[in-house]
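1. Quick one, structure for this:
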Amino acid sequence: MRSAESVLGRPKDHRHVPAEENPRTPKAVGRRPAFFAPHPPLMSGGWYQGAEHEVLGPGRYPVPRPPAKSVKAALRWVLFLGPLGFCYVSPVGGLVATAASVTAITFGGAALVVVIWPVVMVLAVAALSGRSENGK
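-> Coordinates of the predicted model:
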């Protein structure tokens, strides 16, 4: 059995620098810039756990507080879209309410829409009223 070295030959030394420059190699003509512009700052992750101020970290700049949500707008969304309109108040809550409503209507019948719509409207008003009291 022959070793890999005897079959392939001795490995080449790639660290060897040629003694003279290759005349066909292109030369750089531009100047090196004095400095490189820094990477733009990273955007902050947002408002955390209802804090009154945003937690800043290295490489972050402050983001303005999102505007307060209106009870009238929430009622309009819920009036026209039902449980899906609840996503204006809470995206996760709206999707959960929509899934629960679809399940209830599937198993209980379309007459449950008359019950579900007003219940979701009351929940939207209650959720926004609770937020404004806790936030002030």
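2. Name the residues of stretch 68-79 that are buried.
-> 69, 74-75, 77-78 (16 or more other C-beta atoms under 10 Å). Bear in mind the C-beta positions are built from the backbone N, C-alpha and C, glycine included.
3. pLDDT, secondary structure and distance to Ala100 for those - can I get that in a markdown table?
-> A markdown table is the format used below for those (pLDDT from 0 to 100; DSSP: H, G, I helix; E, B strand; the rest coil; distance: C-beta to C-beta, whole Å):
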| residue | pLDDT | secondary structure | distance to Ala100 |
| --- | --- | --- | --- |
| Lys69 | 89 | coil | 22 |
| Ala74 | 92 | helix | 18 |
| Leu75 | 93 | helix | 20 |
| Trp77 | 94 | helix | 17 |
| Val78 | 93 | helix | 14 |
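4. Now the two most distant members of those.
-> Greatest spacing in these, by C-beta to C-beta: Lys69 and Val78 (12.2 Å).
5. Overlap in contacts, those two.
-> Shared contacts of Lys69 and Val78 (C-beta atoms under 8 Å, 6 or more residues apart in numbering): Tyr88.
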